[in-house]
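Visitor: Provide a 3D model corresponding to the input given below.
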Amino acid sequence: MTVRAIRQALTEYQSALAPWLQEETVDAQKVLAVLKARDALHTALSQHPTPGIYTLEDIQGLDQQLKKQAARMADLLDFEAYRQSFPKASGQWWWSLDELGGDPRDRYDWLFKGLTIGGWTLSLALLVDISGRFLLGGAGVAGLSAVALSSLLTLIKARNDLSEASRQGFERVLAKFFPGYWHEKVKFASTTVLAAALFAFWLALPAISIRYNQRGQLAQIEGNLGAAEQNYNLAISLNPDNVNAHYNLGTLYEDIQELEKAETQYLIAIRGGLPEAYNNLARLYLQPPKPNLPKAIVLLNQGLKLADDQESFPEVLYTLYKNLGWARLQQARYSEAESALATAVAISEKPDAQYITHPASAHCLLAQTLDAQEQLGSIQAWQRCCQLGDSANPDEDAWLLQARDRLAKAGFDFNQSCQATAIAIP
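Guide: Alright, predicted model coming up:
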């Protein structure tokens, strides 16, 4: 091989590069033409190892120009596929232009790799937290389906990023649709989408908790206490700060006479500033045989202040005043009891008080208070007690017996007295 052959190979190499330097339209075939020309020059040089100085300078200059076109060529040609089909010697660097790292669009790949790892780590953390909340609360079919789907997506993504075999397979898929310099960015984007979806799901947990609380209320109204308890527990698991779910669970436990559990739920609801929780916990402390009157009164006064500040519904104010009057009655502080009970009665008789569930209670307690002070007005209070009373309520059932005895003692027929007409006091 003569120097003439080297110069001829160099000329062909220069001609193959010309379209790239002149901004002409190029394609994969023109990439291969450059690579083939460089192979021919490599062969010529290997057979004539001592070219002249000017030839060396020309070769170096053309090689530098070739390297500058690496990104464009990598976009047009799958270098990896050609390397696998036609193995090249380690010195034939031009067949590895896609790995030179000279593309400025790849200079932040290290950052995208780190962010990708951080993204799926966040996804796994969110998945663990979400799954733990659903499973702790006893998730139903819908909850388990959501957990299973998010778990599957997260684990598949983590496996693709971390497993060598899966990573290589994913790389081959990416190579079919995206240029090489986009691969890390696409990985980061897919991880970000997954993390964002899980984060949005995590942010939605309080709203989902509200929904489960509503389902629990509906089940409790329908008498399905088991389903109600499960829904309340799941609502609390998804959002421990859902004070309404704690309160409703407390009412359920109170209904089935698990009073210690009810007390625990009411105490938690109190921390959320729920006046109804103050009232219900105070009512527990008023129950015989060992009522804790000081605690009950403190809670009721605090609840009344909160109810006034929050402009609570009439039914909330009614129960607070009624129970405060009940506590004062048990303390034999009749004047204060009468004032609180009269306020409760007045609230129950307002047009907007249609949601008060036990309006008879205030009348029954007021009647007892007036009797204790030997006031004649107690007869009308006993009449209202028996007119509105509900024997399904344990407290009112006992007070209805008192009303029967008191009205009989006063010379009135109980059944007739419980009609909606007023009693004439002799």
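
Visitor: where does pLDDT dip in the stretch 51-200 of the chain?
Guide: Counting by pLDDT under 70, the stretch 51-200 of the chain has low-confidence residues at 90, 101-121, 123-124, 127-129, 131-132, 134-190.

Visitor: try 50
Guide: Of all residues in the stretch 51-200 of the chain, those with pLDDT under 50 make up the ranges 102-103, 110, 139, 141, 143-144, 148, 152, 162-166.

Visitor: the chain: strands as residue ranges?
Guide: Listed from the start of the chain, the chain has no strands (DSSP state E) to report.

Visitor: pLDDT score for the nearest residue to Tyr13 once chain neighbours are set aside?
Guide: Residue nearest to Tyr13 in three dimensions, not counting chain neighbours: Ala37, with 4.3 Å by Cβ to Cβ, 6 or more residues apart in numbering. Every residue, glycine included, has its C-beta placed from N, CA and C. The pLDDT attached to Ala37 in the predicted structure is 88.

Visitor: neighbours of Ala37, how many?
Guide: Applying the criterion other Cβ atoms under 10 Å, we find 22 residues in the vicinity of Ala37.

Visitor: is it true that it touches Thr11?
Guide: No. At 9.3 Å, Ala37 does not count as touching Thr11 under the criterion of Cβ atoms under 8 Å.

Visitor: need the overlap of contacts for these two.
Guide: A shared contact of Ala37 and Thr11, defined by Cβ atoms under 8 Å, 6 or more residues apart in numbering, is any residue touching both; here there are none.

Visitor: ok, the residue nearest to Tyr13 to Tyr334 distance?
Guide: Ala37 sits at a distance of 112 Å from Tyr334 (criterion: Cβ to Cβ, to the nearest Å).

Visitor: swap in Leu100?
Guide: Here the distance between Leu100 and Tyr334 works out to 96 Å (Cβ to Cβ).

Visitor: who has more neighbours, these two?
Guide: Just comparing Leu100 and Tyr334: by other Cβ under 10 Å the higher neighbour count belongs to Tyr334, 18 against 14.

Visitor: which residues does that one contact?
Guide: Taking Cβ under 8 Å, 6+ apart as the definition of contact, the neighbours of Tyr334 are Arg328, Thr369, Ala372, Gln373.

Visitor: swap in 7 Å and give it another go.
Guide: Contacts for Tyr334 were tallied using Cβ atoms under 7 Å, 6 or more residues apart in numbering; they are Thr369, Ala372, Gln373.

Visitor: swap in Ala372?
Guide: Residues near Ala372 by Cβ under 7 Å, 6+ apart: Tyr334.

Visitor: give the closest residue to the residue most central in space within the chain in space, chain neighbours not counted.
Guide: To find the centre residue of the chain, average its C-alpha atoms and take the closest one (Cα atoms, centre = their mean): that gives Leu205, at 2.3 Å. The shortest distance from Leu205 to any residue other than its chain neighbours is 4.7 Å, reached at Leu238 (Cβ to Cβ, 6+ apart).

Visitor: show the contacting residues for that neighbour.
Guide: Under the criterion of Cβ under 7 Å, 6+ apart, the contact list for Leu238 reads Arg133, Gly137, Leu205, Ile208, Ser209, Tyr212.

Visitor: phi, psi of the spatially closest residue to the fifth one that is not a sequence neighbour?
Guide: Read that as Ser209. With Cβ to Cβ, 6+ apart as the criterion, Ser209 has its nearest non-adjacent residue at 3.6 Å, and that residue is Asn239. Its backbone dihedrals place Asn239 at phi -150, psi 90, with angles given as degrees, to the nearest 10.

Visitor: just checking, Asn239 touches Ala207?
Guide: No. Because the distance of 8.8 Å does not satisfy Cβ atoms under 7 Å, Asn239 is recorded as not touching Ala207.
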